[in-house]
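Asker: have a look at this fold, sequence not included:
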């Protein structure tokens, strides 16, 4: 075989590998843990009502005694100055949980406003530490599961355990993620977020 042909074959192999990696990126992002008992179930912000619905199912199965809801940063303060009432995502998630059978006294909205997943993980870890608890079942969208697991290992305190579960009603198409803008944007965001996490989180959230 000539050097020229060898180079062509090598380039074709690289190209085929790149295409296969591209196509499988959606499936690669989905990494769900087996269910196990924990101190609390956590509903991460986003993808209403799918994440809250999945958390309610897990609660009904008896895997944790309460459900925590994170509170995303919002324009509530600015709107209040304009005499406009704003109901945040956390309120709707709470209503979904109660509607799906979780007792109201078993649902807690965490106090600190968060901007992104990094802050959510830090908030959950802090609450576990302050309440002398050690484990949480974290419910999020399929494509978000791998990054949540990576961030937990990096940001949670030693000894704290997370079980990451998927809200399958989120309707992420892992096999054909490139075929619609919603999933394509989600995969791009997750890959960039993973790069940032692996690099030590040099890019931090802007709360303003």
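Answerer: Cool, got the structure. A quick note: this is a predicted structure, and the numbers were derived from the prediction, not measured.

Asker: pull the contacting residues for residue 114.
Answerer: Residues in contact with residue 114, defined by C-beta atoms under 8 Å, 6 or more residues apart in numbering, are 45, 70, 71, 72, 73, 120, 123. Where C-beta positions appear, they are placed from N, C-alpha and C, glycine not excepted.

Asker: if I look at residue 30, how far off is residue 201?
Answerer: Distance of residue 30 to residue 201, given as C-beta to C-beta, to the nearest Å: 22 Å.

Asker: elements contacting the helix or strand where residue 195 lies?
Answerer: For residue 195, the element it lies in under DSSP states H and E is helix 181-198. Where contact means 3 or more C-beta pairs under 8 Å, 6 or more residues apart in numbering; DSSP states H and E, helix 181-198 is packed against helix 3-29, helix 145-155.

Asker: now the strands for the chain?
Answerer: 40-43, 67-72, 107-114, 135-140, 161-166 (DSSP state E).

Asker: below-threshold pLDDT in this protein: ranges please.
Answerer: Counting by pLDDT under 70, the chain has low-confidence residues at 1-22, 76-77, 206-208.

Asker: test my guess that residue 144 contacts residue 190.
Answerer: Yes: Residue 144 is within contact range of residue 190, at 6.4 Å (criterion: C-beta atoms under 8 Å).

Asker: ok, those two, which is more surrounded?
Answerer: For residue 144 versus residue 190, the count of surrounding residues by other C-beta atoms under 10 Å is larger for residue 144: 28 against 22.

Asker: what are the buried residues along stretch 81-89?
Answerer: Neighbour-count burial for stretch 81-89 flags 88, 89 (criterion: 16 or more other C-beta atoms under 10 Å).

Asker: show residues contacting it.
Answerer: Residues from elsewhere that reach stretch 81-89 (C-beta under 8 Å, 6+ apart): 45, 46, 48, 71, 72, 74, 75, 76, 79, 80.

Asker: show me which of those residues is closest to residue 183.
Answerer: Distances from residue 183 to those, taken as C-beta to C-beta, are shortest for residue 46 (14.2 Å).

Asker: check the spacing between that closest one and residue 170 real quick.
Answerer: Per C-beta to C-beta, residue 46 is found 9 Å from residue 170.

Asker: intersection of neighbour lists for the two?
Answerer: Residues touching both residue 46 and residue 170 (C-beta under 8 Å, 6+ apart): residue 141.

Asker: residue 104 contacts residue 67, correct?
Answerer: No: contact criterion C-beta under 8 Å: residue 104 and residue 67 do not qualify, at 10.6 Å.
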